[in-house]
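Chemist: With the sequence up front, the predicted model follows.
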Amino acid sequence: MIIGLDPKEIIIDIINIIVLFLFLKKFLFKPVTEMMDKRASLITSNIQDSEDKKTEAYQLKADFEEELKHAGEQASVIIKEARERAELEYNRKLQEARDEAGRVRDEAEKIIELDRKKSMDSAQAEIAGLALLAAAKVIGKNVDDDTNKQYLGDLLKEVGAAK
């Protein structure tokens, strides 16, 4: 047997190859190509979603950092205002305490002055009574109450003028 090339077999082989190619194209290449296109589309879509989510995450992070910055500034303002209010309240309470202390001191001084006057009046009356008693003994007679009061008034005027 000699290997020969028979033109009928070559044509049949070419037709078989073309039929096989068409069969494979229809049932193998087309579904595989469609599946690969779908997969490529899905991958592209996933990559785009991932990029979108990444961009959104960066935006959220920037927004959060901005809000955090503003919160820090607001906290500083609130603390400053609280300190100022506390200082004003402290100064107000301190002034009230000083005013109250001044009133108490003034009242105490008035009470002390009244007590001193009462003591002085009482002491003067006591001294005048003793002086009249001594004078009555020296004179040797007891004068009536009206006369005693008159002598006492004269004595107190003289003692007051001597001061």
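Modeler: Sure thing, it's come through.

Chemist: Next, count neighbours for Ile127.
Modeler: 14 (other Cβ atoms under 10 Å). All C-beta spots, glycine's among them, are computed from the backbone N, C-alpha and C.

Chemist: swap that for Ala135, sorry
Modeler: 13.

Chemist: so which helix or strand takes in it?
Modeler: Secondary structure assignment for Ala135, by DSSP states H and E: helix 30-139.

Chemist: Also Leu5?
Modeler: Per DSSP H and E, there is no helix or strand for Leu5.

Chemist: Point out where the chain drops to low pLDDT.
Modeler: Applying pLDDT under 70 to the chain flags residues 1-4, 132-134, 136-145, 148, 151-152, 155-156, 159-163.

Chemist: how does it look with 80?
Modeler: For the chain, the stretches with pLDDT under 80 are 1-5, 124-163.

Chemist: chain center to the helix holding Ala135: distance?
Modeler: Mean-position distance between helix 30-139 and its chain equals 8 Å (Cα atoms, centre = their mean, to the nearest Å).

Chemist: now stretch 23-42
Modeler: That offset, for stretch 23-42, works out to 67 Å (Cα atoms, centre = their mean).

Chemist: Can you get me a residue count around Phe29?
Modeler: Using other Cβ under 10 Å, Phe29 is surrounded by 13 other residues.

Chemist: list the contacts for Gly113?
Modeler: One correction, residue 113 is Glu, not Gly. With contact set as Cβ atoms under 8 Å, 6 or more residues apart in numbering, Glu113 has no partners.

Chemist: roughly how far apart are it and Ser122?
Modeler: Separation of Glu113 from Ser122 (Cβ to Cβ, to the nearest Å): 15 Å.

Chemist: for Glu158, same thing?
Modeler: Taking Cβ to Cβ, one finds Glu158 at 19 Å from Ser122.

Chemist: Ok, Leu28 next?
Modeler: Taking Cβ to Cβ, one finds Leu28 at 135 Å from Ser122.

Chemist: and if you look at Lys69?
Modeler: Lys69 is 78 Å from Ser122, by Cβ to Cβ.

Chemist: same deal with Arg92?
Modeler: Distance, Arg92 to Ser122, by Cβ to Cβ: 44 Å.
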